[in-house]
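J.: only the shape, not the letters, is given here:
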């Protein structure tokens, strides 16, 4: 039977369209759609169990995968099937998860999966910009308890004009690359990178994307209406107890307020709050705890949260005693690790990051191999968040999605400051050693200093700050440099990086509806003041990049040679280049420039003498004498019919000086004119038409003897 297909089309206004279709594929899923733009097609399916899980949170999994068949390619590696998700796929999962998760009811704990798959790829369409739309559209066709439809869109600015969902080629010309997630009435998520733009320009870009998102949401609602919107499922919920909630609130609120007002450290504060919680529990009988003990913890946390928020809103005082716009104490240090190419420590309050820089060749570039994109990064950042940094012991299970996401944010904040002519591949690693509020922003600050310490000539130093917001609808407080606790109890987590000239990257998650653009701009401006304060602390420690790399760091020399010489430099089976690397201790990498069709030779080494030897070898191989010019040569071999000489400016570049070209007089023995080791001048004549070999002459530079007159026979 031919399935009934429902379809809605979104007109982007410039000849491009996005279609949302349902009814043809994956009909046993609780909701499924195919979103198509150009030849790019995403299949999104959503399923949620009807039985609640025995946990006190939503076990939501957002999974995004790109199938290699979508681009007509095989997976790389030995096993020819897709394996663990790439960093690019993980980043897309995070973008979608951050918008969806807050819209499920807090008491909905059923196992839920959102699976998005790239089934067909178009090089002109970036699929990650469609993933949020696909996820929300599929949920709208389900019976999930979900607050409202959302969508996501990428916004770029090219020649001063905003563009929605640009191609990768267009994005390369843009000074803004931002992904916005929003409902019809509220922006919920922002993430992206920029070329040092102003706070007002960023707000304008968000507004532009939000208008496009509203159109996408309207299309989802029309599709759901046509498809037949299902009744929202019923699910088991924990029964509340207003009397119990009030009792706990009355017992805990004032005590929590007093603790919060003391402005103590994280550990002291945590211990004090824990004592209050234990006092609350101790006030109940065993029978009461058996009956509703499972509610006590939640009601206590609610009272604690209300107390902390009210303290900030009414008195402008924060958990650690700071004012709303005050930055925690900062201390910095560079060149801490003696053997690294660059290192730094950045400590702000109870957050600390140790950054290291490693310099390498193009061979060390980070290769990206995804169905939707193939390329490499010559600057990349890895972020590590071990359990001890928060005083915990937990299982180590490889790099987490959070580490990928935070590292990517810091990388985007810094990469625009790496000059295009930087000869190195640069790997920056951040080890988070302490964490109590925005270790990703500490990573940006530590990374800036480590890059300068390593001698990477960054355009300008970058700093980062995490902002928060507390609002009760009528009052609000924008918080600079938030603590971990303020992140959890606040209404916004907004990370922004930038230079003295403007914003370079941002990541924002908003937890309340209808955040006004006025508050957003105020938060951005307050963030700028905080960034500049932190930047001053950084530049007090190291103001400008080191003039050169460290003595033990590798020096990079780049040479350009004609393609015809690449084979000679490599040698048969790589013999020449391998022996040269072994002899000099240098790493030599040869790449071919596809535009100029020339060879780019990278020489990386710690020994100036070794680098000089490699350069001399290249000079020797690429040396090409000019017809008519004179050159100094050295005799390196004696033959019966001449002498083999090498050019002194290109050792190893040899040519035969024939016995007939030694002198004007007839030469019986070569040794009558020259001997081993002699240095002399010769003239270069090019290829001899008779012998088809290169010809040089000593006698051509000598005065020609006068010809003797023949005697007159008469």
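T.: That came through fine. Predicted model, so just to flag it, every value in this text is computed and none were measured. Numbering: from 1, shown residues only.

J.: return the helix or strand in this protein with minimum mean pLDDT.
T.: helix 484-489 (a mean of 85; mean pLDDT, DSSP states H and E).

J.: average pLDDT for the longest strand along the chain?
T.: With secondary structure taken from DSSP state E, the chain has its longest strand at strand 40-52. Strand 40-52 shows a mean pLDDT of 96.

J.: now stretch 325-333
T.: Throughout stretch 325-333, pLDDT has a mean value of 95.

J.: can you check stretch 12-27 too?
T.: Rounded mean pLDDT across stretch 12-27 is 93.

J.: buried residues, it. List them.
T.: Buried residues in stretch 12-27, counted by 16 or more other C-beta atoms under 10 Å: 12, 18, 19, 20, 21, 22, 23, 26. From N, CA and C alone the C-beta is placed, and that goes for glycine too.

J.: now secondary structure too, for these, in CSV please.
T.: CSV is the format used below for those (DSSP: H, G, I helix; E, B strand; the rest coil):
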residue, secondary structure
12, coil
18, strand
19, strand
20, strand
21, strand
22, strand
23, coil
26, coil
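
J.: returning to what we had before: elements contacting the longest strand of the chain?
T.: Other elements packing on strand 40-52 under the criterion 3 or more C-beta pairs under 8 Å, 6 or more residues apart in numbering; DSSP states H and E are strand 31-37, strand 110-120, helix 128-140.

J.: can you do 10 Å?
T.: strand 17-22, strand 31-37, strand 60-66, strand 110-120, helix 128-140 (3 or more C-beta pairs under 10 Å, 6 or more residues apart in numbering; DSSP states H and E).

J.: among the ones you listed, show me which one is buried the most.
T.: The highest mean neighbour count among those, using mean count of other C-beta atoms under 10 Å, belongs to helix 128-140: a mean of 28.

J.: now the angle between strand 17-22 and it, please.
T.: 30 degrees (axes from the mean of the first three to the mean of the last three C-alpha atoms, to 10 degrees).

J.: state the next helix or strand along the chain beyond helix 128-140.
T.: Proceeding N to C from helix 128-140, the next assigned helix or strand is strand 150-158, under DSSP states H and E.

J.: residue 219 touches residue 10, doesn't it?
T.: Yes: with contacts counted by C-beta atoms under 10 Å, residue 219 reaches residue 10, the gap being 4.9 Å.

J.: anything in contact with each of these two?
T.: Shared contacts of residue 219 and residue 10 (C-beta atoms under 10 Å, 6 or more residues apart in numbering): 18, 19, 20, 133, 151.

J.: would you turn the residues you listed into TSV with distance to residue 679?
T.: TSV is the format used below for these (distance: C-beta to C-beta, whole Å):
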residue	distance to residue 679
18	76
19	79
20	81
133	76
151	78
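
J.: these: which two are farthest apart?
T.: 19 and 151 (14.0 Å; C-beta to C-beta).

J.: just to revisit the earlier point, of the shared contacts of residue 219 and residue 10, which is the nearest to residue 644?
T.: For the shared contacts of residue 219 and residue 10, the nearest to residue 644 is residue 18 (72.6 Å; C-beta to C-beta).

J.: leaving out the residues flanking it, which one is nearest to that closest one?
T.: Excluding the flanking residues, the one nearest residue 18 by C-beta to C-beta, 6 or more residues apart in numbering is residue 10, at 4.3 Å.

J.: ok, and what's touching the helix or strand that neighbour falls within?
T.: Assigned by DSSP H and E, residue 10 belongs to strand 6-11. Contact with strand 6-11 is made by 16-24, 33-37, 133, 137, 141, 151, 212, 215-228, as judged by C-beta under 10 Å, 6+ apart.

J.: please report phi then psi for residue 683.
T.: phi -110, psi 140 (degrees, to the nearest 10).

J.: got it, and residue 324?
T.: phi -60, psi -30.

J.: and it, how far from residue 438?
T.: 16 Å (C-beta to C-beta, to the nearest Å).

J.: the two: who's more crowded?
T.: residue 438 (25 against 16; other C-beta atoms under 10 Å).

J.: for the record, mean pLDDT for stretch 112-124?
T.: On average, stretch 112-124 scores 97.

J.: give me the distance between the closest residue to residue 155 other than its chain neighbours and residue 97.
T.: Excluding the flanking residues, the one nearest residue 155 by C-beta to C-beta, 6+ apart is residue 209, at 4.1 Å. The gap separating residue 209 from residue 97 is 19 Å, by C-beta to C-beta.

J.: so between those two, which is more surrounded?
T.: Between residue 209 and residue 97, counted using other C-beta under 10 Å, residue 209 has the larger neighbour count: 27 against 20.

J.: count of neighbours near the closest residue to residue 511 other than its chain neighbours?
T.: In space, and not counting its chain neighbours, residue 511 is closest to residue 491: 4.9 Å by C-beta to C-beta, 6+ apart. Residues within reach of residue 491, counting by other C-beta under 10 Å, total 18.

J.: can you pull the pLDDT of residue 491?
T.: On the pLDDT scale, residue 491 is placed at 87.

J.: for it, which residues are in contact?
T.: 309, 468-472, 476-477, 509-513, 515.

J.: kindly report the same for residue 653.
T.: Counting by C-beta under 10 Å, 6+ apart, residue 653 touches 619, 620, 621, 622, 623, 624, 625, 631, 633, 645, 646, 647.

J.: now stretch 512-530: buried residues?
T.: In stretch 512-530, counting by 16+ other C-beta under 10 Å, buried: 512, 515, 519, 520, 523, 524, 526, 527, 528, 530.

J.: please read the previous query as pertaining to stretch 287-295.
T.: 292, 295.

J.: give me the distance from it to the chain's centre.
T.: How far stretch 287-295 lies from its chain's middle: 48 Å, per C-alpha atoms, centre = their mean, to the nearest Å.

J.: what residue, apart from its backbone neighbours, is nearest residue 433 spatially?
T.: Closest residue in space to residue 433, ignoring its immediate chain neighbours: residue 352 at 4.6 Å, by C-beta to C-beta, 6+ apart.

J.: what about the one you found, distance to residue 484?
T.: Distance of residue 352 to residue 484, given as C-beta to C-beta: 13 Å.
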